[in-house]
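Novice: Okay, sequence plus prediction incoming.
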Amino acid sequence: GQNIDQPTEMTATEGAIVQINCTYQTSGFNGLFWYQQHAGEAPTFLSYNVLDGLEEKGRFSSFLSRSKGYSYLLLKELQMKDSASYLCAVSSNTGFQKLVFGTGTRLLVSP
Amino acid sequence: KAGVTQTPRYLIKTRGQQVTLSCSPISGHRSVSWYQQTPGQGLQFLFEYFSETQRNKGNFPGRFSGRQFSNSRSEMNVSTLELGDSALYLCASSLGQSSGANVLTFGAGSRLTVL
């Protein structure tokens, strides 16, 4: 089967660093995506990893280890506007457009 | 450029009725995917259309169907609605490439409530 696991909820304070983990078991692997979704809004693309290693994009970085079926999203210098759900999704070999999503991690950033 | 547009944004139906949701993708995007989002299950893939053909299908019953038109606009239909069909239905468009990072751009969704 296909399974994506990520913590349900995390809390952090403004200015801090937070790491959101994601583990996956899928039939084949064609890349891992992270999306951000604010309450009542559409998910928006944050990052894509297909090779092992770290991808950095401003305050956000994403890491992938294919051998461990593991990824994390690192958010630095947290801001209040980062309070949102973060969705981990894997593209398996059953179809590039058919993403398998985790249930999402709700991040609450407090002052 | 305009984003992904979904209509209607909110709708209320009763059990047994049917519903049609519409999605207009970003100009130039030929792939349209549909996802169901519920609090307990997260986003679950329904189906994907590319050039008017269903290319991928998720594990939903036959009551869920869709189609894509020549201008890439897509509709999804749910017949014989059940209470459990209450959810946010998200449409996403992409270029539909068969390799590389196929980034999905999501619409704001259609929130369906079944009473």
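Specialist: Received it, and whenever you're ready, just let me know what you need. Quick caveat, the model's predicted, so the values are computed rather than measured.

Novice: remind me which residues of chain B are low pLDDT?
Specialist: Low-confidence segments of chain B (pLDDT under 70): B:1, B:98-100.

Novice: tell me the centre residue of it?
Specialist: With distances taken as CA atoms, centre = their mean, the residue of chain B nearest its centroid is B:Trp34 (2.9 Å).

Novice: Assign a three-state SS to it, would you?
Specialist: Classification of B:Trp34 using DSSP: H, G, I helix; E, B strand; the rest coil returns strand.

Novice: who touches it in this structure?
Specialist: Residues near B:Trp34 by CB atoms under 8 Å, 6 or more residues apart in numbering or on different chains: B:Cys23, B:Phe45, B:Leu46, B:Phe47, B:Glu48, B:Gly66, B:Ser74, B:Met76, B:Tyr89, B:Leu90, B:Cys91, B:Ala92. To be clear about C-beta, it is placed using only N, CA and C from the backbone, and glycine gets the same treatment.

Novice: So what's the residue count around A:Ala39?
Specialist: 8 (other CB atoms under 10 Å in any protein chain shown).

Novice: Could you grab the helix/strand/coil label for it?
Specialist: Secondary structure state of A:Ala39, per three-state DSSP, is coil.

Novice: Touching, it and A:Ala84? I think so.
Specialist: Yes - look at A:Ala39 against A:Ala84 with CB atoms under 8 Å: they come within range, at 7.5 Å.

Novice: partner strands of the worst-scoring helix or strand of chain A on mean pLDDT, parallel or antiparallel?
Specialist: Of all helical and strand segments in chain A, the minimum by mean pLDDT, DSSP states H and E falls on strand A:99-101, at a mean of 91. Strand A:99-101 sits in its sheet next to strand A:84-91 (antiparallel), going by DSSP bridges.

Novice: so what's the residue nearest to the centre of chain B bridging to?
Specialist: Residues in a beta bridge with B:Trp34, per DSSP bridges, are B:Phe47, B:Cys91.

Novice: contacting residues around residue 105?
Specialist: I'll assume chain A. A:Gln6, A:Pro7, A:Thr8, A:Glu9, A:Met10, A:Ile20, A:Ser85, A:Tyr86, A:Leu87, A:Cys88.

Novice: my bad, the chain I had in mind was chain B
Specialist: For B:Thr105, the contact set (CB under 8 Å, 6+ apart) comprises A:Phe45, B:Gly3, B:Val4, B:Ile26, B:His29, B:Ala92, B:Ser93, B:Ser94.

Novice: hmm, try it at 7 Å
Specialist: B:Thr105 makes contacts with B:Gly3, B:Val4, B:Ile26, B:Ala92, B:Ser93, B:Ser94, as judged by CB atoms under 7 Å, 6 or more residues apart in numbering or on different chains.

Novice: One more: A:Tyr86?
Specialist: A:Tyr86 neighbours (CB under 7 Å, 6+ apart): A:Ile20, A:Trp34, A:Gln36, A:Leu73, A:Gly104, A:Thr105, A:Leu107.

Novice: Excluding chain neighbours, give the residue nearest to the second one in space.
Specialist: Counting by CB to CB, 6 or more residues apart in numbering or on different chains, A:Trp34 lies nearest to A:Leu46, which is 4.3 Å off, once chain neighbours are set aside.
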